[in-house]
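K.L.:
one predicted model, sequence on top.
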Amino acid sequence: MRLINRFTKLFACLLHTEDNKQLPDLHPLQVQIKNEMIEAKEQAVIALDLNQDIGKDLQSVIDAAEVTSPMIRFIKPKNAEGLLDIWSATHDQTSYIAQTLEAVSGDTDAVGSSASLSIARTSAIYIPGRFHVDAPGFENAWKPFEAYASRTELRDEVQSLLLDFGLDIPQYPGDRSPLEQFNTAHEAYLMPIDNTDPAITSLIPLRECIHSVLDGLLLRRPNPMKVKKNQKAKVVSIGMQLKHDSLPDDIINEWADEWHDLNTGDLSRAKRKVIDREDWLYRLNRGTAFLHSLLKGIDPHKINI
């Protein structure tokens, strides 16, 4: 199935008749996002030139900007404000990093937070209905982003983060660890067996992995206050207590909204149906990007051992 047909199917219930028309000139919000993205990338380039030791995190900002920029003209203005907040914060942080490095005083915490913001941005771009997917040129703009989202480095880094946070150990006897569930999700895609059901063999394990990660982080908050069973409330509590101080509160709402959408949508048991490999990869990438964003944004120094 062609990529454009896949997204037309996924987003059909949210598309309007005006989506089929030629896109108008950029909306002021789209222009703002583009400007913030350009500035964030430029500041990351400056900081990268000043200190190659922190290059990996800064490069993620540059790469995310390059693959996201072509998507801006396809975003629906009513959905642009959340993305503007994220890229504005990324711009602020890359500027701070560059200025700090110029003063010969590196701040690795700020660098790590900046990288987390860029990944959060790439996770949020998956939200259904955010783009005019049937507009001319969308498919060509999407392909580089999809390749970026599918990179093996992202999967490898999530595995390392799970190990760093001790999430290679089951929460309870007899359970599978979050790391094992994560690996199962990706292995099922890489080596599918005949008549593989992506929902059961891959997407549900990824969903359970994220549930286990959230439960584990809840138990390790400095203030173990009770939270509602609502999934968004869990993410908000984790974010408020454990995120890097240099991350803005806006990122917490992005995490909460993204997880709610994943938990009740693309990774939900209610979505257990036969899907093609393109849809499978889309959902797998989306869940992986969310998990990476969350773990990159958590400050390990705040976690109770």
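P.N.:
Nice, thanks for sending it over. Numbering: from 1, shown residues only.
K.L.:
ok, now how distant is G297 from K143?
P.N.:
Going from G297 to K143 by C-beta to C-beta, to the nearest Å gives 28 Å. (Glycine included, C-beta is placed from N, CA and C.)
K.L.:
more neighbours, these two?
P.N.:
G297 (25 against 13; other C-beta atoms under 10 Å).
K.L.:
quick one: the helices in the stretch 51-200 of the chain, in order.
P.N.:
55-68, 81-102, 108-124, 138-149, 152-164, 178-190, 198 (DSSP state H, counting those that start in this stretch).
K.L.:
nearest to I46 among the ones you listed would be which one?
P.N.:
Shortest distance between I46 and those, using C-beta to C-beta, is found for helix 81-102: 4.4 Å.
K.L.:
pull out the buried positions in that closest one.
P.N.:
Within helix 81-102, the residues that qualify as buried are 83-98, 100-101, counting by 16 or more other C-beta atoms under 10 Å.
K.L.:
and the closest residue to D164 other than its chain neighbours, how far from P70?
P.N.:
If you skip the residues right next to it in sequence, D164 has P300 as its closest partner in space, 6.9 Å away by C-beta to C-beta, 6 or more residues apart in numbering. Distance check for P300 against P70: by C-beta to C-beta, it reads 35 Å.
K.L.:
D57 now?
P.N.:
The separation that D57 has from P70, given C-beta to C-beta, amounts to 23 Å.
K.L.:
and those two? which has more neighbours close in?
P.N.:
D57 (22 against 16).
K.L.:
D175 is in contact with D215, isn't it?
P.N.:
No: applying C-beta atoms under 8 Å, one finds D175 not in contact with D215, separated by 10.2 Å.
K.L.:
any weak-confidence spans in this structure?
P.N.:
Scanning the chain for pLDDT under 70 picks out 1-22, 50-56, 104-128, 194, 196, 269-273, 305.
K.L.:
domains in it, by residue range?
P.N.:
The record, using automatic domain parsing to delimit domains, assigns the chain the ranges 3-148, 151-302.
K.L.:
please identify which of the helices of the stretch 51-200 of the chain is closest to F74.
P.N.:
Comparing those against F74 with C-beta to C-beta, the closest turns out to be helix 138-149 (5.3 Å).
K.L.:
list the buried residues of that closest one.
P.N.:
F138, E139, A141, W142, F145, Y148, A149.
K.L.:
now for that helix, which elements pack on it?
P.N.:
When contacts are defined as 3 or more C-beta pairs under 8 Å, 6 or more residues apart in numbering; DSSP states H and E, helix 138-149 packs onto helix 3-11, helix 55-68, helix 108-124, helix 277-297.
K.L.:
okay, the angle between the last one and helix 138-149?
P.N.:
When you say that, I think you mean helix 277-297. If you take axes from the mean of the first three to the mean of the last three C-alpha atoms, to 10 degrees, helix 277-297 sits at 50 degrees to helix 138-149.
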